[in-house]
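just the structure for this:
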Amino acid sequence: MLGKYYYVSNFYIAVSFGATEFKCSIEWKDEMGVPQRRAITPIWNGGPIDSSWSSRSRPEGRLLPQQDSYSIRNGKEPFHKAETNPKQVRHIPISTTPPDGDFDNKLIVSFDLGTTFSAASWVLLRDSQDPHIWDVSEFREDLPAKVPTVLYYDRAGKLRAVGSETLDKRNIADALEQGWTRVEWFKLLLHLAHELNNAPKTEMPRNKKPIDIVADFFRYMARLTSKHFHETMDTEGNIWKEVKDRVIYILSHPNGWNTFQYSVLREAAILAELVPNFDEGNNRIIFVSEAEAGLHWCVQRRLAIRNLKVDSNYIVIDAGAGAINISSFRAVNTAPPKFEESSIPECHLQGSAFVTQAFRDFVQDKLKGSSFGNPDAVEQMVRDFDHEVKHGFRDRQQDTFVMFGKSQDNDPGLGIEGGQLHVPGEEIAKLFEPACNTIVNSVKANAAPTSQKVVVLVGGFTGNQYLFKEVQRRLPGILVTGPTDATS
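Below you'll find the model as predicted:
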């Protein structure tokens with residue numbers, strides 16, 4: 001610090017040229033590697049704006065006033081490609097076949113890093129064969145294409161278990177006995193800090209930053225994807241020798257993520273040794289938003305597509321544990337299906353994890369000062385709510401019982417009887433209100449007034465019957481539908 005100034009390095013100036021507004025912001029990663037953004041006031045002294053202007057500059061350092069300054073993590077930033085303006089309307093054709101080109105023995109791997117569960121898939125492109133997409137199924141037998149987004153680290157910060165390994169009873173026992181740190185919800189740390197006011201807290205292990213956690217998880221997913229590829233397609237390893245140094249990785253991300261989140265994911269992929277740290281390696285990483293991925297998924301499964309008309313408003317709501325991604329499209333063509341974005345994709349941190357956090361706050365407030373308000377009892381209630389009660393909640397008239405203790409645990413005044421906390425259905429329904437309001441208000445704001453309207457609910461959170469039915473009830477005259485498994 002120099003007087004009232006901080007020295008800041010490795011930051012970006014993001015400039016947005018709108019039709020009526022010109023906006024600037026400064027973007028950086030803090031000491032934990034978490035993306036930050038602050039608006040700044042552009043000063044222009046006149047003169048022409050020509051091709052010499054850049055949409056992003058990268059100074060090596062600059063002095064900023066103290067009130068606008070924050071610490072910046074040192075270190076070289078990864079390579080960035082220039083992104084197109086995210087607000088422009090894009091035509092999105094739907095196709096199940098790859099474009100023309102040299103696809104002989106090209107392996108494409110997709111990672112879907114979720115807040116609570118993650119998935120991987122791969123496809124081997126060959127000129128002589130139709131492509132087949134394989135879901136990695138070795139994660140766990142009863143969760144064939146998913147793995148918990150959870151890691152265990154010991155007290156020294158060494159990784160001890162990751163993904164499906166964290167479900168192993170021996171690892172769970174060791175974690176309790178040896179004081180391992182359970183790391184979950186870490187994907188939320190990649191959102192901007194001001195968006196995380198009500199987010200579940202993530203306990204970080206010693207000497208680790210969020211980018212290290214993501215890298216460890218990518219390394220695990222890559223290892224199991226490679227294993228699945230060998231067992232499914234390449235038992236002798238000959239194909240792997242040809243493709244291993246040119247694997248293309250597709251990383252999905254919530255709507256609204258941009259330069260900073262891309263840089264974190266890209267750097268994590270480099271740390272995990274998925275790709276080398278130079279231009280050729282960086283070019284092997286492709287980002288796809290939940291908006292586009294969700295649209296492809298819905299159309300390929302023909303969700304509300306059969307009777308779709310040209311100019312119909314097709315809105316995809318992808319609600320997961322962390323975020324509710326809302327994407328609105330206009331049908332340009334129906335045979336084959338072709339869409340264009342009709343509004344800017346939205347991302348709201350109101351997923352199912354925030355319902356659980358709201359329940360935690362409710363319980364802590366209700367039991368404050370009582371013998372049942374201790375951290376262990378509260379944690380047991382939250383765990384039962386998250387794993388059982390939340391998913392099964394269907395109606396605000398349905399009273400709920402959350403298990404946490406022994407049969408002799410009773411306090412009628414607090415609604416505790418036989419080791420269970422009685423919670424009226426009306427109270428549970430209140431926990432879902434932010435998510436319900438977010439979805440309904442966004443649909444009303446984005447739906448074209450004169451066109452046919454279709455809302456498709458996908459993602460694990462929409463598997464909750466109360467949320468699904470409440471959205472249907474609040475959107476009369478609009479077709480609200482979704483898949484039977486509610487998973488995207």
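
just give the nearest non-adjacent residue to residue 468, would you?
Nearest residue to residue 468, sequence neighbours excluded (C-beta to C-beta, 6 or more residues apart in numbering): residue 462, at 5.7 Å. Where C-beta positions appear, they are placed from N, C-alpha and C, glycine not excepted.

output the contacting helices and strands for the lengthiest helix in the chain.
Identified as the longest helix of the chain according to DSSP state H is helix 210-233. Helices and strands touching helix 210-233, by 3 or more C-beta pairs under 8 Å, 6 or more residues apart in numbering; DSSP states H and E, are strand 106-112, strand 117-125, strand 133-135, strand 151-153, strand 159-162, helix 238-243, helix 259-271.

and the angle from that helix to strand 117-125?
Taking axes from the mean of the first three to the mean of the last three C-alpha atoms, to 10 degrees, one finds helix 210-233 and strand 117-125 inclined to each other by 50 degrees.

please identify the buried residues of helix 210-233?
210-222, 224-226, 228-229 (16 or more other C-beta atoms under 10 Å).

on that earlier part again, nearest to residue 443, of the helices and strands packed on helix 210-233?
Smallest distance to residue 443 across the helices and strands packed on helix 210-233 (C-beta to C-beta): 24.3 Å, for strand 106-112.

can you pull the contacts of residue 475?
Taking C-beta atoms under 8 Å, 6 or more residues apart in numbering, we find residue 475 in contact with 440, 443-444, 455.

what is the burial count for residue 328?
Residue crowding around residue 328 was assessed by other C-beta atoms under 10 Å; the count is 25.

for it, which three-state class applies?
strand (DSSP: H, G, I helix; E, B strand; the rest coil).

what's opposite it in the beta bridge?
residue 315 (DSSP bridges).

tell me the spacing between it and residue 296.
Relative to residue 296, residue 328 is positioned 15 Å away (C-beta to C-beta, to the nearest Å).

rewinding a little: buried subset of the contacts of residue 475?
440, 443, 455.

between these, which is nearest residue 109?
For those, the residue nearest residue 109 by C-beta to C-beta is residue 455; the value is 31.5 Å.

wait, is that closest one part of a strand?
Yes. Under three-state DSSP, residue 455 falls within a strand.

now do the contacts for it.
Residue 455 neighbours (C-beta under 8 Å, 6+ apart): 315, 317, 443, 471, 475, 478-481.

hang on, residue 234 packs against residue 240?
Yes. The pair residue 234 / residue 240 is scored as a contact, 5.3 Å apart, by C-beta atoms under 8 Å.

now do the closest residue to residue 356 other than its chain neighbours against residue 247, distance only.
For residue 356, ignoring the flanking residues on the chain, the nearest one in space by C-beta to C-beta, 6+ apart is residue 386 at 4.7 Å. According to C-beta to C-beta, residue 386 stands 35 Å off from residue 247.

same question, residue 274
8 Å.

neighbour count for the two, which is higher?
residue 274 (22 against 19).
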